[in-house]
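Undergrad: give me the fold of what follows.
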Amino acid sequence: MPSFGRLFWTGKAARRSLAVMPLLVLLAVPAAAHVLNTDLSKLSRTEIFGTYLQLGFTHIIPLGFDHILFIVSLYILEPRLKPVLLQATAFTVAHSITLGLAMYGLISPPSHIIEPIIALSILFVAIENIITDRLNPWRVAIVFGFGLVHGMGFASVLTGLGLPAKDYVGSLISFNVGVELGQVSVILLCWALVGRWAAHKTWYKQRVVVPVSVLIGLVAAYWTVERVFFT
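TA: All right, here's what the predicted structure looks like:
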């Protein structure tokens, strides 16, 4: 029979994973839009860099609920920093490509197609977390493909905000850096809350990965239906 201590810790893990669920449900609430009330023509290049760095970060935390769920989904299957950072690197390279192409007018992705695909990408990763027991090598390629789509989503935000003519490239880069800082913050928070102490536990899959992935998948499915039929 399992010891009382083991039952206590597995029960504690379950309570922790369940405690995260109400927070994830809140992520289904639509985010507020970015607002840029600053007159960029009066700012120095350093100030512009800081402004777009902040915009990139806030596009992930707290406004990028869908991107947060995607990063969490990438992390929890293999909750060590090296594997998730490899996936995050592939994601970064991919979304940087499409973000740059879109902002220079070389591609023009329709948001009514891109947004549902972003939701489907979250659903795909959540389902994969449930049905597989290990991180497959080909997942990096899948993440790269999804990163191309997410980059088009980032572009829709920047298109609405605009970029200053006097430092177009610099503000584009600083926005991208801000996005990366937001993503790394999500990864480190996941590691501190879960990966650091629970990654190698025998019950991790059953009590953390599955329930969290199920909830993320439900939220992503809701978003998919909403974005296809109601927006």
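
Undergrad: how about low-confidence regions in the protein?
TA: 1-39 (pLDDT under 70).

Undergrad: find the centremost residue of it, please.
TA: Most central in the chain under Cα atoms, centre = their mean is residue 67, positioned 2.7 Å from the mean C-alpha point.

Undergrad: dump the residue contacts of it.
TA: Contacts for residue 67 (Cβ atoms under 8 Å, 6 or more residues apart in numbering) come out as 59, 60, 150, 153, 182, 183. From N, CA and C alone the C-beta is placed, and that goes for glycine too.

Undergrad: and the residues you listed as a markdown table, adding neighbour count?
TA: Below are those laid out as a markdown table (neighbours: other Cβ atoms under 10 Å):
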| residue | neighbour count |
| --- | --- |
| 59 | 22 |
| 60 | 22 |
| 150 | 26 |
| 153 | 22 |
| 182 | 22 |
| 183 | 25 |
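
Undergrad: next step: the residues you listed restricted to strands.
TA: Among the contacts of residue 67, none falls in strands (DSSP state E).

Undergrad: quick one: which of the residues you listed is nearest to residue 163?
TA: For the contacts of residue 67, the residue nearest residue 163 by Cβ to Cβ is residue 59; the value is 14.2 Å.

Undergrad: wait, the closest one touches residue 180, no?
TA: No. Using Cβ atoms under 8 Å, residue 59 is not in contact with residue 180, being 11.0 Å away.

Undergrad: quick one: which of the contacts of residue 67 is nearest to residue 130?
TA: Closest to residue 130, out of all of those and judged by Cβ to Cβ, is residue 150, at 21.6 Å.

Undergrad: was I right about that closest one contacting residue 118?
TA: Yes. Taking contacts as Cβ under 8 Å, residue 150 lies within contact range of residue 118: 6.0 Å.

Undergrad: any shared contact partners between these two?
TA: The overlap between the contact sets of residue 150 and residue 118 (Cβ under 8 Å, 6+ apart) consists of residue 70.

Undergrad: show me where this protein has its helices.
TA: 4-26, 45-60, 65-77, 81-103, 111-131, 139-161, 168-190, 196-198, 204, 210-229 (DSSP state H).

Undergrad: kindly compare burial across these and name the winner.
TA: helix 65-77 (a mean of 24; mean count of other Cβ atoms under 10 Å).

Undergrad: got the CA coordinates for that helix in PDB?
TA: Extracted in PDB, the C-alpha atoms of helix 65-77 (Å, rounded to 0.1, in the frame of the first residue of the first chain):
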ATOM      1  CA  PHE A  65      -3.900  34.700 -23.000                       C
ATOM      2  CA  ASP A  66      -3.800  32.400 -26.000                       C
ATOM      3  CA  HIS A  67       0.000  32.600 -26.300                       C
ATOM      4  CA  ILE A  68       0.400  32.000 -22.600                       C
ATOM      5  CA  LEU A  69      -1.600  28.800 -22.900                       C
ATOM      6  CA  PHE A  70       0.500  27.700 -25.900                       C
ATOM      7  CA  ILE A  71       3.700  28.200 -24.000                       C
ATOM      8  CA  VAL A  72       2.300  26.400 -20.900                       C
ATOM      9  CA  SER A  73       1.200  23.500 -23.200                       C
ATOM     10  CA  LEU A  74       4.700  23.300 -24.600                       C
ATOM     11  CA  TYR A  75       6.300  23.300 -21.100                       C
ATOM     12  CA  ILE A  76       4.200  20.800 -19.100                       C
ATOM     13  CA  LEU A  77       4.800  17.600 -21.200                       C
END
